[in-house]
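**Q** the following comprises the amino acid sequence and a computationally predicted model.
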Amino acid sequence: MNPTRMIALVLLVVGALALAYGGFSYTRETHDADIGPIHLSIADKEYVSVPLWAGIGLMVLGGAVLMFGKKI
């Protein structure tokens with residue numbers, strides 16, 4: 001499998017996942033405090049929304065690279 005086809009497939013899969021899930025979440029630790037033997041930390045859960053147009057655009061771009069990749 002050549003690199004162009006792999007890139008096209010990755011774009012298609014990422015675009016499909018963006019359409020299916022609509023975003024992703026991650027946990028970020030923001031504050032740490034050590035007061036003697038006590039250790040405090042705060043973890044914030046953040047959500048990143050992926051726009052619909054981005055998922056569709058990735059899938060169209062992946063399809064175009066898959067179809068026209070060898071001609072370029």
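**A** Right, received. Where do you want to start? Residues are numbered from 1 along each chain as shown.

**Q** by contact count, what packs against the helix or strand bottoming out on mean pLDDT in the chain?
**A** Between all helices and strands in the chain, the lowest mean by mean pLDDT, DSSP states H and E belongs to strand 23-35, at a mean of 84. In terms of contacts (3 or more CB pairs under 8 Å, 6 or more residues apart in numbering; DSSP states H and E), strand 23-35 is packed against strand 38-49. Every C-beta, even on glycine, is put in place using the N, C-alpha and C of the backbone.

**Q** what's in contact with whatever helix or strand comes next after the strand it packs on?
**A** Past strand 38-49, further along toward the C-terminus, the next helix or strand under DSSP states H and E is helix 52-68. Contact with helix 52-68 is made by 4-5, 7-12, 14-19, 22, as judged by CB atoms under 8 Å, 6 or more residues apart in numbering.

**Q** repeat for stretch 9-20
**A** Identification of contacts with stretch 9-20 by CB under 8 Å, 6+ apart yields 50, 52, 54-63, 65-66.

**Q** flag every buried residue along the longest helix along the chain.
**A** With secondary structure taken from DSSP state H, the chain has its longest helix at helix 3-21. Buried residues in helix 3-21, counting neighbours by 16 or more other CB atoms under 10 Å, are found at Ala8, Leu11, Leu12, Val14, Gly15, Ala18.

**Q** these into a markdown table, with extra columns for distance to Ala43 and pLDDT?
**A** As requested, the buried residues of helix 3-21 are arranged in a markdown table below (distance: CB to CB, whole Å; pLDDT from 0 to 100):
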| residue | distance to Ala43 | pLDDT |
| --- | --- | --- |
| Ala8 | 37 | 93 |
| Leu11 | 32 | 94 |
| Leu12 | 34 | 95 |
| Val14 | 27 | 93 |
| Gly15 | 30 | 94 |
| Ala18 | 25 | 92 |
